[in-house]
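>>> whatever this is, show me its structure:
(one chain, ligands or ions: 2)
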Amino acid sequence: MKESISAGVADLIQDALLVYADDPAAAAALETYARRLSEPLRLAVAGMVKAGKSTLLNAIIGEEIAPTDTGECTRIVTWYRYGHTPRITAYPVAGEPHILPLKRVDGRLVFVLGNARAEDTERLVVEWPSPALRELTLIDTPGIASLSEDVSARSTDFLIPVDAPSEADAIIYLMRHMHASDLRFLESFRDTEAGRSGTVNALAVLSRADEIGAGRIDSLLSAGDIADRYRRDHSLRKLALGWSR
Ligand SMILES: Nc1nc2c(ncn2[C@@H]2O[C@H](COP(=O)(O)OP(=O)(O)O)[C@@H](O)[C@H]2O)c(=O)[nH]1
Ligand SMILES: [Mg+2]
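Numbers count the residues shown, from 1 in each chain. Ligands and ions are numbered 1, 2, ... in the order given. So this is what the prediction gives:
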């Protein structure tokens, strides 16, 4: 967001706080907005299993820390945010948060949950001293339309909560080919509780584009043509801010 727009929104929130001084619920919501405005943008990376979410996340962070190729094992929504010292915190669905050991295999983090089950862990927060994370908090989400309904539901519940605005400010939605579940997801991400506003916060990306056409030399060009076609399609265009490869 441009500096001047952020400053304008911050002023507006302060004005609203004065108006709603007698309404604790409204004031609490406004305080949350004020805090979020001063934090880095929260960008979630979503898509089906093996779309390349964790790989993209590592590329943005500039270090290969997120586990990749773990299929259904990455079942927990995992936040990557800036911290002076590396630290992993597990937030259980019920109970107090606790610090996990910093285990790495070939550079990538291994989340050691001990006796806790993945289903009982609401989120993992990785703090990491990567300069890229000063500007951007990244959120790795379990695969949409996973074989396990539970895993898939965790991502949809997080990205499209029924009774609250999404905790993510924007999402990059990765897909290898357009699949019915990709469309369903993009449609529901647009129709949030906040109503069917014209605002769209998703960027759809054709991932692993180098593999299209069995990895021929022109595969990236073909992927570009497909992205163009989606971008021009009337019904697809309105689902995302843009289509790219
Ligand atoms: N050829 C190719 N392989 C990729 C690309 N991105 C990811 N992969 C591979 O696809 C597999 C799944 O990637 P991963 O990031 O774990 O997917 P996730 O399940 O969506 O998090 C891994 O073996 C990656 O190395 C890409 O752009 N090109
Ligand atoms: Mg992954």
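
>>> Ala204 and Tyr33, how far apart?
Using C-beta to C-beta, to the nearest Å, we find Ala204 at a distance of 27 Å from Tyr33. C-beta here means a position set from N, CA and C on the backbone, and glycine is covered the same way.

>>> comparing the two, which residue is more hemmed in?
A count of neighbours by other C-beta atoms under 10 Å puts Ala204 above the other of Ala204 and Tyr33, at 26 against 15.

>>> how about the secondary structure of the more buried one?
Three-state call for Ala204 (DSSP: H, G, I helix; E, B strand; the rest coil): strand.

>>> check which element follows the helix or strand of the chain with the lowest mean pLDDT along the chain.
Least confident helix or strand of the chain, by mean pLDDT, DSSP states H and E, is helix 212-215 with a mean of 66. Downstream of helix 212-215, the first helix or strand assigned by DSSP states H and E is helix 219-232.

>>> going along the chain from that next one, find the next helix or strand for me.
Using DSSP H and E, the first helix or strand after helix 219-232 is helix 234-237.

>>> regarding the closest residue to ligand 2 within the chain, what is its secondary structure?
At 3.4 Å from ligand 2, Ser54 is the closest residue in the chain, using C-beta to the ion. Three-state call for Ser54 (three-state DSSP): helix.

>>> check contacts around it.
Taking C-beta atoms under 8 Å, 6 or more residues apart in numbering, we find Ser54 in contact with 45, 66-68, 70, 74, 140.

>>> partners of the spatially most central residue of the chain in the sheet?
Using C-alpha atoms, centre = their mean, the residue of the chain that lies closest to the mean C-alpha position is Ala44, 1.1 Å off. Here Ala44 sits in beta bridges with Ile139, Ile171, as judged by DSSP bridges.

>>> surely it is in contact with Thr137?
No. Applying C-beta atoms under 8 Å as the test, Ala44 and Thr137 come out as separate, 9.4 Å apart.

>>> the longest helix along the chain: how far from the chain's middle?
The longest helix of the chain (DSSP state H) is helix 3-19. Taking C-alpha atoms, centre = their mean, to the nearest Å, one finds the center of helix 3-19 at 26 Å from the center of the full chain.

>>> and the residue nearest to Ile61 when sequence neighbours are not counted, how far from Gly83?
Nearest residue to Ile61, sequence neighbours excluded (C-beta to C-beta, 6 or more residues apart in numbering): Ser130, at 4.9 Å. Ser130 sits 9 Å away from Gly83, going by C-beta to C-beta.

>>> ok so, going back, out of the contacts of Ser54, which end up buried?
By neighbour count, with 16 or more other C-beta atoms under 10 Å, these hold 45, 66-68, 74, 140 as buried.

>>> min pLDDT across those, which one?
Lowest-confidence member of the buried ones among the contacts of Ser54: Thr74, scoring 70 (pLDDT).

>>> just checking, Ser219 touches Glu211?
Yes. Counting by C-beta under 8 Å, Ser219 does reach Glu211; the two are 6.7 Å apart.

>>> so which of these two has more stuff around it?
Neighbour totals were compared for Ser219 and Glu211, and Ser219 leads with 17 against 13 (other C-beta under 10 Å).

>>> could you pull up the residues touching that one?
Contacts of Ser219 (C-beta under 8 Å, 6+ apart): 209-213.

>>> repeat that with 10 Å
Residues in contact with Ser219 (C-beta atoms under 10 Å, 6 or more residues apart in numbering) are 208-213, 245.

>>> neighbours around Val105, how many?
The tally of other residues near Val105 (other C-beta under 10 Å) stands at 8.
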